[in-house]
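In: predicted model follows, preceded by the sequence.
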Amino acid sequence: MSETVHLPHMAIRNLISVETATKSYGERPLLDGVSLGVGAGERIAVVGRNGAGKTTLLHALAGLEPLDSGRVTIGSDVALGLVSQAEVVDPDQTVGHYIVPGQDVHEWATSARIREVLTGLLGGFDEALLLRTFARLSGGERRRVQLARALIADLDVLLLDEPTNHLDVEVVAWLADYLKAQSKLAVVIVTHDRWFLDELCERTWEVVGGAVEEYEGGYSAFVLAKAERFRQASASEARRQNLMRKELAWLRRGAPARTTKPKFRIEAANELISNEPPPRDSVELLSFAGSRLGKTVYELNDATLTVGQENADGPIELLDHCTWNIGPGDRIGIIGSNGAGKTSLIRLLVGEVAPSKGAMKTGVTVKVAYLSQHLEELNPKWRVLEAVEHVASRVDLGKGRELSASQLCESLGFNSDAQWTQVGDLSGGERRRLQLTRLLMNGPNVLILDEPTNDFDVETLTALEDLLDGFAGTLLVISHDRYFLERVCDDFVGLYGDRKLSSLTGGIDEYLAVRRSQGSNTKSASSKPVTSAADQRVAAKAITRTERQIEKLDKREHEIHAELVEHATNFESIATLNAELLELQATRVSLENLWLELTEAMA
């Protein structure tokens, strides 16, 4: 007699559980009786204002933040990784040994997974970078190296704190695609990069008032669901409602694909925005910008831009005979990988550098405000409001919009209490917000922003976008934040490293498609596979011979280190041993390079 067995529903395996967690700093609770969990394969976005407790929650999940009360349980067999902004690394540690601890390059270079990660994040096997110490890394290089180590490790849970900081648009897109492909990996992300959250996440946690409110879907789904909650609760915060409706209208009109993830009914949210006009009246803004700026803003005529000192190879040429006209009311995003010359191009426009050939013309009525990546020095004893009023007490934003210094401060996240904070007590992100506020207070008609979103929380970004919607002038933006670029810019230009400035009629998608095509062409052009059987045998023997030589060098290196300890007080012996060690390490680098070339040819 046959019997039908009904198997129980297989629930998602819980990897981390948080039970009634409470954590306070002073009298302010960041977490107040929070209970939640992280399941296998889940992709969770963590959003909230700066200082709300997002990083505290992340560190609590990692077991690094002691709680005042409550409990965090991490499964005994759960492998957990954290990429933190506050990680302390030995400055003398090399990149190669940090990425794969305890192994040399030749031991892991054939791993397809490691090669994929290093190619995506670091651009390939750059031996010079792998041998560099952490003390010599830039902020962007450090972040890529941290991410590489985390992605290479065999993890069940990956916690990411602002992973896209210092990354260009291309690498952010690669990171999103790579993480999406790791179906078994649970990822919890704190970031202000809303495009990244939309692309990757299926749930959103908002840290607010000591609680963690949960929503289905990524950032766009979160905005829609929160608007519906506000509608049902008859929220009285009129300004926040207006900002939310404006962003919803843009999401529904300009990026419909982003709203495919929500698993809840959004008809009420659609009703909320049905009569909401587009975020910007482009015709009205263009007319007003023309009256403020005239016909000419910036004109590059057959201009060549070079940077760097003279050397054996000559200076680096970033642009070659470039012609570009920027008109009144243009809102242009500038796209390119790190080092492509985006900031140098902006410095050319504002007159900090001159073209080596050709001409650069600036309109006579141009009044530019340039937010660079460097913080200006201010009197640390000034209050925030005082620092802004030193520029002006009121500003005309155009279209009859006039704000006082205090109102502009509030628009960019400095409430009435924060306006009395001394400049010396501000965080890096707050100082950057203050710098932007001072620039806007000067009433510019051309606004140039170089990575304006660094260290801003989502709420501040939304307020900034609202402010820029009414800016009746010319706007140029460099940013790795794709959502922000697509939100505030109407046109895009790209720097591909070919000394040209390319118009991107297809926007950022076109730029990424071209970059992928360039990468494929470079890979196919540079690879020279071994084809014949005889060549394969010769290459295999050469690889074996090289590996034996590297093993001998490794053995001798260990012996030298032992001898250095033994002769610690004999300075003559130490000098001789150090000289031998340096020569040995240089030989090993050459052999490892040879080994990499041989294995690539075999592949």
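Out: Great, that's in hand.
In: please count neighbours and contacts with C-alpha atoms only from this point.
Out: Fine.
In: tell me the spacing between Gly341 and Thr462.
Out: For Gly341, the distance to Thr462 (Cα to Cα, to the nearest Å) stands at 28 Å.
In: next: Gln407.
Out: Distance of Gln407 to Thr462, given as Cα to Cα: 16 Å.
In: ends of stretch 131-148, what's the gap?
Out: Taking Cα to Cα as the measure, stretch 131-148 stretches 15 Å from start to finish.
In: buried ones in it?
Out: The neighbour-count check on stretch 131-148 (16 or more other Cα atoms under 10 Å) flags Thr133, Phe134, Glu141, Arg142, Arg143, Arg144, Val145, Gln146, Leu147, Ala148 as buried.
In: list just the nearest of the residues you listed to Leu512.
Out: Arg144 (18.9 Å; Cα to Cα).
In: helix, strand, or coil at that closest one?
Out: helix (DSSP: H, G, I helix; E, B strand; the rest coil).
In: now do the same contact list for it.
Out: Leu121, Leu122, Leu167 (Cα atoms under 8 Å, 6 or more residues apart in numbering).
In: report how many residues lie close to the second one.
Out: Pointing back at Leu122 there. 17 (other Cα atoms under 10 Å).
In: pLDDT of stretch 203-210, averaged?
Out: Average pLDDT, stretch 203-210: 92.
In: could you list the alpha-carbon positions for that stretch in CSV?
Out: Extracted in CSV, the C-alpha atoms of stretch 203-210 (Å, rounded to 0.1, in the frame of the first residue of the first chain):
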residue,chain,number,x,y,z
ARG,A,203,14.4,43.7,1.7
THR,A,204,15.0,47.1,3.4
TRP,A,205,15.5,47.9,7.1
GLU,A,206,15.1,51.5,8.1
VAL,A,207,16.8,52.4,11.3
VAL,A,208,14.7,55.2,12.9
GLY,A,209,14.1,56.3,16.5
GLY,A,210,15.7,53.2,18.0
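In: for that stretch, buried residues please.
Out: Arg203, Thr204, Trp205, Glu206, Val207, Val208, Gly210.
In: which residues sit against the helix or strand hosting Asp198?
Out: Element membership for Asp198 (DSSP states H and E) is helix 194-200. For helix 194-200, the external contacting residues (Cα under 8 Å, 6+ apart) are 43, 45, 172-173, 176, 179-180, 189, 191, 217-220, 258, 458, 481-483.
In: and that helix, how far out from the chain's middle?
Out: Chain-centre distance of helix 194-200: 12 Å, with Cα atoms, centre = their mean, to the nearest Å.
In: from the buried residues of stretch 131-148, which two are the most distant?
Out: It's Thr133 and Leu147 that sit farthest apart of those, by Cα to Cα, at 16.3 Å.
In: picking that back up, could you dump the contacts of Arg144 to a markdown table with distance to Thr304?
Out: Formatted as a markdown table, those follow (distance: Cα to Cα, whole Å):
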| residue | distance to Thr304 |
| --- | --- |
| Leu121 | 30 |
| Leu122 | 29 |
| Leu167 | 27 |
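In: can I get these in TSV with secondary structure, pLDDT and distance to Phe230?
Out: Shown next, in TSV, are the contacts of Arg144 (DSSP: H, G, I helix; E, B strand; the rest coil; pLDDT from 0 to 100; distance: Cα to Cα, whole Å):
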residue	secondary structure	pLDDT	distance to Phe230
Leu121	helix	91	40
Leu122	helix	86	43
Leu167	coil	87	34
